[in-house]
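1. The sequence and its predicted three-dimensional model are supplied below.
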Amino acid sequence: MKNVFEQKVSYCDTDAYGVVWHGSYLRWLEIGRMYFCDDMGLDLVKCQENNLVLPLTSISVKYKSPAKLGDTMVIETTFAKSSKIKLTFEQRIYNKETGKAYIEAVIEVVPVSNDGKLYRKMPEVLQVACEKYAEEKCD
């Protein structure tokens, strides 16, 4: 299972040279993870209402080539793995027309309470979502 969405580069995403500002990619990666969680049946608003948030703890981004004003990008998010206290996502952003990669990223998030306390064991709602994903991945 993966989530894929498209985004056209607009003026607000670029610098004075019409090249995407590096921070814009991080916003699109966040949106991709949010859409992926929706696909997994994991409502992030309900999670927060139930004292669970998923802050990013690690991000590794490889910038391959610059996206430019007017490009149509594809943002692809896949769930790589889970551990006792961590979820890992792999993400790619590439040009829709050419397939040329703009960035590749690996992101880790951890479950914490709304007041920032780290859960020492994966909360049940996340376990269920991950198990559901694993079943769909095997089908």
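-> Received, thanks.
2. any idea of the pLDDT on the closest residue to Lys8 other than its chain neighbours?
-> In space, and not counting its chain neighbours, Lys8 is closest to Thr72: 5.1 Å by C-beta to C-beta, 6 or more residues apart in numbering. Just so you know, the C-beta spots here come from the backbone N, C-alpha and C atoms, and that holds for glycine as well. Looking at Thr72, its pLDDT reads 98.
3. So which residues of the protein form strands?
-> Under the criterion DSSP state E, the chain contains strands at 2-8, 56-63, 72-82, 87-95, 101-109.
4. can you put those in JSON lines and add mean neighbour count?
-> JSON lines is the format used below for the strands of the chain (neighbours: other C-beta atoms under 10 Å):
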{"stretch": "strand 2-8", "mean neighbour count": "14"}
{"stretch": "strand 56-63", "mean neighbour count": "13"}
{"stretch": "strand 72-82", "mean neighbour count": "18"}
{"stretch": "strand 87-95", "mean neighbour count": "20"}
{"stretch": "strand 101-109", "mean neighbour count": "19"}
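5. contacting residues for Val109?
-> The neighbours of Val109, taking C-beta atoms under 8 Å, 6 or more residues apart in numbering as the test, are Arg33, Leu54, Pro55, Leu56, Thr57, Lys86, Leu87, Phe89.
6. and if we set it to 6 Å?
-> Residues counted as contacts of Val109 (C-beta atoms under 6 Å, 6 or more residues apart in numbering) are Leu54, Leu56, Leu87.
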